[in-house]
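prediction below, plus the sequence it came from.
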Amino acid sequence: MTRPMPRWPALLAPAVALSLAATPRIGEEIELEEAKVFVEFNSTDMDFGIQFFWDGEAWKTMRVEGPDGHTVLKVSAKRNLRQHGLTEGFFESAEPPASVLSMAQFFDRFPAGTYEFEGETLEGNDLVGETEFTHTLPAPPTNLFPPAGAVLNALNPLVASFDAVTQDLAGNPLVPELYELIVEADHPTLGEISFTVVLEGGVANPSATVPPEFLHPGMEYKLEVIAQVEGGNRTISEVSWTTAP
């Protein structure tokens with residue numbers, strides 16, 4: 001009996017064609033999937049820093065250029081890492097307190113405008129992206145609960161909350177893109193533990209229920225609330241509290 005010929009080549013042909021079509025040609029310009037430049041302002045510690053993030057095709061070099069045309073960041077992989085490639089980049093600056101560097105001086109150092117990303121892929125193609133960096137920061141989240149210094153019973157349900165942010169630092173109306181609520185502690189045996197919830201920026205009464213399994217007697221906890229605007233600029237407020245033994 002004659003066996004039917006396998007149909008694998010016919011099935012594989014479209015996949016091979018798609019794979020070849022998706023392979024960038026040498027000299028082709030490729031867009032980054034993400035490119036961000038943003039400020040993180042801690043209103044409790046009164047310090048701030050600038051952060052850079054990008055993600056995309058595997059690269060061996062990357063350069064970030066400010067709106068004045070000057071290079072502010074340059075990264076180059078070496079040796080075996082240059083052959084293997086990197087796909088993401090994240091850099092966070094030092095965060096000097098406002099007593100050392102005022103916010104006005106900080107923004108003079110990092111002007112608003114278009115920041116351009118220019119890199120090279122493993123194949124030698126240009127890897128590019130750009131982002132608009134602004135000086136708009138949300139006002140600090142207020143009325144955090146639990147409040148600073150509170151002593152709570154770990155056996156009771158806990159709903160962490162704060163007042164919605166409605167303005168930027170200059171007092172102009174603003175609706176955050178999102179909130180991030182983080183409760184964290186240093187457990188004596190488990191090490192650092194953390195519970196995080198992301199909330200929509202337009203919610204009127206932002207809050208989150210902390211799982212009872214997360215609360216342990218006789219421990220110090222920190223509640224951190226982040227208000228973030230479109231583009232990534234974020235303002236943080238923090239309070240510390242404890243659970244009764």
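Done, it's in. Numbers count the residues shown, from 1 in each chain.

quote the end-to-end distance of stretch 95-104.
In stretch 95-104, first residue to last residue: 14 Å (CA to CA, to the nearest Å).

what's in contact with that stretch?
Contacts with stretch 95-104, where a contact means CB atoms under 8 Å, 6 or more residues apart in numbering, come from 40, 41, 42, 45, 46, 47, 48, 49, 109. Glycine gets a C-beta too; all of them are placed from N, C-alpha and C.

and it, how far out from the chain's middle?
Put simply, stretch 95-104 sits 22 Å off its chain's centre (CA atoms, centre = their mean, to the nearest Å).

among the contacts of stretch 95-104, which ones are buried?
Buried by 16 or more other CB atoms under 10 Å: 40, 41, 42, 47, 48, 49, out of these.

select from the residues you listed every entry located in strands.
40, 41, 42, 47, 48, 49 (DSSP state E).

what's the neighbour count on residue 54?
Using other CB atoms under 10 Å, the number of residues around residue 54 comes to 25.

I'd say it and residue 34 touch.
Yes: Residue 54 is within contact range of residue 34, at 6.1 Å (criterion: CB atoms under 8 Å).

now the common contact residues for the two.
In contact with both residue 54 and residue 34: residue 129, using CB under 8 Å, 6+ apart.

so who does residue 210 touch?
Going by CB under 8 Å, 6+ apart, residue 210 touches 158, 159, 160, 183, 195.

bridging residues for residue 208?
Bridge pairing for residue 208 (DSSP bridges) gives the partners residue 160.

from what I can see it touches residue 157, true?
No: with contact defined as CB under 8 Å, residue 208 does not reach residue 157; the gap is 11.9 Å.

neighbour-wise, which of these two wins?
residue 208 (20 against 10).

identify the residues contacting that one.
Taking CB under 8 Å, 6+ apart, one finds 159, 160, 161, 181, 197, 199 in contact with residue 208.

could I get the full set of strands for the protein?
29-31, 34-42, 47-65, 71-76, 86-92, 113-121, 126-133, 151-152, 158-161, 178-187, 191-200, 207-210, 220-228, 234-243.

in TSV: those, plus mean pLDDT.
Compiled in TSV, those are given as follows (pLDDT from 0 to 100):
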stretch	mean pLDDT
strand 29-31	95
strand 34-42	98
strand 47-65	97
strand 71-76	97
strand 86-92	96
strand 113-121	97
strand 126-133	97
strand 151-152	96
strand 158-161	97
strand 178-187	97
strand 191-200	96
strand 207-210	97
strand 220-228	98
strand 234-243	98
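
can you put the ones you listed in a markdown table and add distance to residue 100?
Output for the strands of the chain, formatted as a markdown table (distance: least, CB to CB, whole Å):
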| stretch | distance to residue 100 |
| --- | --- |
| strand 29-31 | 38 |
| strand 34-42 | 14 |
| strand 47-65 | 9 |
| strand 71-76 | 20 |
| strand 86-92 | 17 |
| strand 113-121 | 24 |
| strand 126-133 | 22 |
| strand 151-152 | 34 |
| strand 158-161 | 32 |
| strand 178-187 | 26 |
| strand 191-200 | 28 |
| strand 207-210 | 34 |
| strand 220-228 | 23 |
| strand 234-243 | 18 |
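
mind checking those strands for the one nearest to residue 143?
strand 158-161 (7.9 Å; CB to CB).

can you tell me what sits against the closest one?
143-146, 152, 181, 183, 205-210, 212, 215, 223.

now these: which count as buried?
Here, 16+ other CB under 10 Å leaves 144, 146, 181, 183, 206, 208, 210, 215, 223 buried among the contacts of strand 158-161.

widest-spaced pair of those residues?
206 and 215 (20.1 Å).

re the thing from before, what's the PyMOL syntax to select whichever of the contacts of residue 210 are buried?
A single PyMOL command selects the buried members of the contacts of residue 210 (16+ other CB under 10 Å):
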select buried, resi 158+160+183+195
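
could you work out the most separated pair of the contacts of strand 158-161?
Using CB to CB, the contacts of strand 158-161 span at most 23.7 Å, a distance reached by 143 and 212.
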